[in-house]
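In: Give me a 3D structure for the following:
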Amino acid sequence: MSKKNISNMIQSRKSLISHLSNHGISNAKVLEALGRIPRHQFVEESLQARAYHDVALPIGHAQTISQPWVVARMAELLFLHSQSAYPDLIFEVGTGSGYQTALLAQLTKRVVTIERIFALHSQAQHLLTSLGVENIECRYASSHLASDHAQYDAVILSAASDEIPVDLFSVLKPQGVMIIPLGNTKQQLTVLKKNKNGVETYTYEQVVFVPYLKGEI
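Out: Modelled structure (predicted):
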């Protein structure tokens, strides 16, 4: 990439962060972290001119890289509702392009991320490694692994479910937080907080995500 193109990409990234700030994203750590991520590297070359537009873009296999506003909002809600301002361990369901993974990795000590589509898993793992993101573990899987007995501070789903995935909710620590697009055709961005009485539920904006499916492909 030429120096001019690099300069344009950096300026476009700054413009995106300004746009997000002007449209309600107020968490400074989230905005700063997102501003360090080269989103153009997470999409194919033909789409790089649109990489810093606030839109979802296709990444193949009927999947998308989420709209930056939605990625930022999910991260912001995570820290708004978390017991700790800096969760130690996050479980991400749906690595996709790895864009959200790269953001979460800057905001927590460790991220375990799973992807059910092998081609996306492999591509994201390679890209994140090349970008020097070290505090992540990428797994080719479709749901929580029974052999993994870890308890997580947070679970984030990058796919929609019309009901709470019990297997994923069960891996949360007490006071742990799940961020999930809950619903069918259109979903509500929903925060579920685990407590001794069961679950506290908070609903936010309407969003549209691909469905949460199980089974590796």
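In: What is the burial count for residue 62?
Out: 8 (other C-beta atoms under 10 Å). All C-beta atoms are positioned from the backbone trio N, CA, C, and that covers glycine.
In: how about it, what does it touch?
Out: Remark: with contacts taken as C-beta atoms under 8 Å, 6 or more residues apart in numbering, residue 62 is in contact with residue 210.
In: any idea how far it is from residue 126?
Out: Counting by C-beta to C-beta, to the nearest Å, the gap from residue 62 to residue 126 is 21 Å.
In: what does residue 197 give?
Out: Separation of residue 197 from residue 126 (C-beta to C-beta) stands at 44 Å.
In: now the nearest residue to residue 208 once chain neighbours are set aside: how far from residue 101?
Out: The spatially closest residue to residue 208, leaving aside those adjacent along the chain, is residue 186, at 5.9 Å (C-beta to C-beta, 6 or more residues apart in numbering). Summarising the geometry, the distance separating residue 186 from residue 101, computed by C-beta to C-beta, is 25 Å.
In: Comparing the two, which residue is more hemmed in?
Out: When residue 186 and residue 101 are compared on other C-beta under 10 Å, the one with more neighbours turns out to be residue 101, at 27 against 11.
In: Contacts only, for the more buried one.
Out: For residue 101, the contacting residues are 92, 95, 111, 113, 124, 128, 133, 136, 138, by C-beta under 8 Å, 6+ apart.
In: which SSE is it in?
Out: helix 99-107 (DSSP states H and E).
In: Export only the CA atoms of that helix, formatted as CSV.
Out: Provided in CSV are the C-alpha atoms of helix 99-107 (Å, rounded to 0.1, in the frame of the first residue of the first chain):
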residue,chain,number,x,y,z
TYR,A,99,-12.5,-7.6,14.1
GLN,A,100,-14.4,-7.7,17.4
THR,A,101,-11.8,-10.1,18.8
ALA,A,102,-9.1,-7.6,18.1
LEU,A,103,-11.1,-5.0,20.0
LEU,A,104,-11.8,-7.2,23.0
ALA,A,105,-8.2,-8.2,23.2
GLN,A,106,-7.2,-4.6,24.0
LEU,A,107,-9.8,-4.3,26.7
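In: what's the model's confidence in that helix, averaged?
Out: Averaged across helix 99-107, the pLDDT comes to 97.
In: Angles on the backbone of the closest residue to residue 94 other than its chain neighbours, please.
Out: If you skip the residues right next to it in sequence, residue 94 has residue 158 as its closest partner in space, 3.4 Å away by C-beta to C-beta, 6+ apart. When read as degrees, to the nearest 10, the backbone of residue 158 gives phi -100, psi 30.
In: max-length helix in this structure?
Out: In terms of residue count, the longest helix belonging to the chain (DSSP state H) is helix 3-22.
In: helix or strand right after that one?
Out: Note on helix 3-22: by DSSP H and E, the next helix or strand toward the C-terminus is helix 28-35.
In: ok, and what's touching that next one?
Out: Where contact means C-beta under 8 Å, 6+ apart, the residues beyond helix 28-35 that reach it are 13-14, 16-17, 20-21, 25, 68, 71-72, 75-76, 79, 103, 106-107.
In: Now do it and helix 99-107, the angle between them.
Out: Calculated by axes from the mean of the first three to the mean of the last three C-alpha atoms, to 10 degrees, helix 28-35 forms an angle of 130 degrees with helix 99-107.
In: what comes up buried for helix 28-35?
Out: Along helix 28-35, these residues count as buried under the neighbour rule (16 or more other C-beta atoms under 10 Å): 30, 31, 33, 34.
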